[in-house]
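K.L.:
Sequence and predicted structure below; questions after.
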Number of protein chains: 2
Amino acid sequence: MRRDVFQAIADPTRREILNMIAYKPLNVNAVAENFEVSRTAIYKHMKILIECGLVDVKQQGRERFCEAKLEGLSEVSEWVEQYRILWTSKLDALENYLKIIQTKNNKQNKIQKKQAPKISPIK
Amino acid sequence: MRRDVFQAIADPTRREILNMIAYKPLNVNAVAENFEVSRTAIYKHMKILIECGLVDVKQQGRERFCEAKLEGLSEVSEWVEQYRILWTSKLDALENYLKIIQTKNNKQNKIQKKQAPKISPIK
DNA sequence: ATAATATGAAACCTTTTGGTTGCAAACATA
DNA sequence: TATGTTTGCAACCAAAAGGTTTCATATTAT
């Protein structure tokens, strides 16, 4: 049973749950009212969020308020941001390339038709 | 069949693949050599990465080089970053709280024992 | 005390995921 | 031409994911 933050936020319902309790803690029933699926389904999603540290539970009488602990998202942030320099620099390179192409086209308007590959592409 | 970036990066093998081709495009065989699982398994992972736009394929003879298109990660970055203000501000609040507690404890050293809840906690 | 509410969890089901082996087609090379 | 590579994909499988209904227990309200 993998249980890490990446897997936790992979499910759109769990991302919605997180957003719902990001500003104000709610109990599972209150959260479940906003979804089509059953309370038990939401409970299971919540359990996963709790297990990977993205949600904390505060008991208050018979109610349990689920509070978002979003600092767990920093792991995702760090992973993504390590690549930012790569994708931005590549976009810069593309920009330069397009500029060069444009200049060339203004001078001589030749078009090279590339032969289509015979192997069918991945669908 | 859900096929979005969040789901694509949920799998640790796919994150490793992305890292492997982030700096230099590789064909599936070359990528698969670095894993325990079969080429076909890696091929399937690659297909998912391609389908959600995180990888592009460039044909060269009989080889197909898989190139990372990491700008697709910006969607994840944006989703995570919208919450950064929340978790940092909460940490600030905690810091303040701890400071206040400390000051109080220095003046009067009372400990309040909280009764344990009877409902078993979520495991 | 009784009824209603909030919760945790078991048992079960279907679909998706991640993996396998095997095979055929396209391409490169001896 | 014959042979070895690289690839895409079908067929199959086990386990995980996501959902359901049902039930027991703790707490609150009447």
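P.N.:
Arrived safely, thanks for sending.
K.L.:
Tell me if the helix or strand residue A:66 falls within is near DNA strand C.
P.N.:
Residue A:66 is located in strand A:63-68, with elements delineated by DSSP states H and E. Yes - shown here: strand A:63-68 in contact with DNA strand C (Cβ under 7 Å from any atom of the strand) through A:63, A:64. Quick note: C-beta positions are derived from backbone N, CA and C, even for glycine.
K.L.:
Give me the next element, helix or strand, following that strand.
P.N.:
As assigned by DSSP H and E, the chain's next helix or strand after strand A:63-68 is helix A:74-81.
K.L.:
Pull out the buried residues from that following helix.
P.N.:
Neighbour-count burial for helix A:74-81 flags A:74, A:76, A:77, A:79, A:80 (criterion: 16 or more other Cβ atoms under 10 Å in any protein chain shown).
K.L.:
same thing with stretch A:46-64?
P.N.:
Of the residues in stretch A:46-64, A:46, A:48, A:49, A:50, A:52, A:54, A:55, A:57, A:64 count as buried by neighbour count, 16+ other Cβ under 10 Å.
K.L.:
for it, the distance to its chain's centre please.
P.N.:
Remark: stretch A:46-64 is offset 22 Å from the chain centroid, using Cα atoms, centre = their mean, to the nearest Å.
K.L.:
So which residues on chain A come close to chain B?
P.N.:
Within chain A, the positions near chain B by Cβ under 8 Å from any Cβ of the partner chain are A:2, A:4, A:6-7, A:9-10, A:12, A:15, A:18, A:22-23, A:46-47, A:50, A:57, A:59, A:62, A:64, A:68-71, A:73-74, A:76-77, A:79-81, A:83-84, A:86-87, A:90-91, A:117, A:119, A:121-122.
K.L.:
can we see that at 6 Å?
P.N.:
Among all residues of chain A, those adjacent to chain B (criterion: Cβ under 6 Å from any Cβ of the partner chain) are A:6-7, A:9-10, A:22, A:47, A:50, A:59, A:70-71, A:73, A:76-77, A:80, A:83, A:86-87, A:117, A:122.
K.L.:
what's residue A:54 in contact with, if anything?
P.N.:
By Cβ atoms under 6 Å, 6 or more residues apart in numbering or on different chains, the residues touching residue A:54 are A:8, A:69, A:72.
K.L.:
Kindly recompute the last result at 7 Å.
P.N.:
The neighbours of residue A:54, taking Cβ atoms under 7 Å, 6 or more residues apart in numbering or on different chains as the test, are A:5, A:8, A:18, A:68, A:69, A:72.
K.L.:
and of the residues you listed, the nearest to DNA strand C?
P.N.:
Distance to DNA strand C, by Cβ to the nearest atom of the strand, is smallest for residue A:8 among the contacts of residue A:54, at 13.4 Å.
K.L.:
Does the closest one touch residue A:17 like I think?
P.N.:
No - using Cβ atoms under 7 Å, residue A:8 is not in contact with residue A:17; the gap is 10.1 Å.
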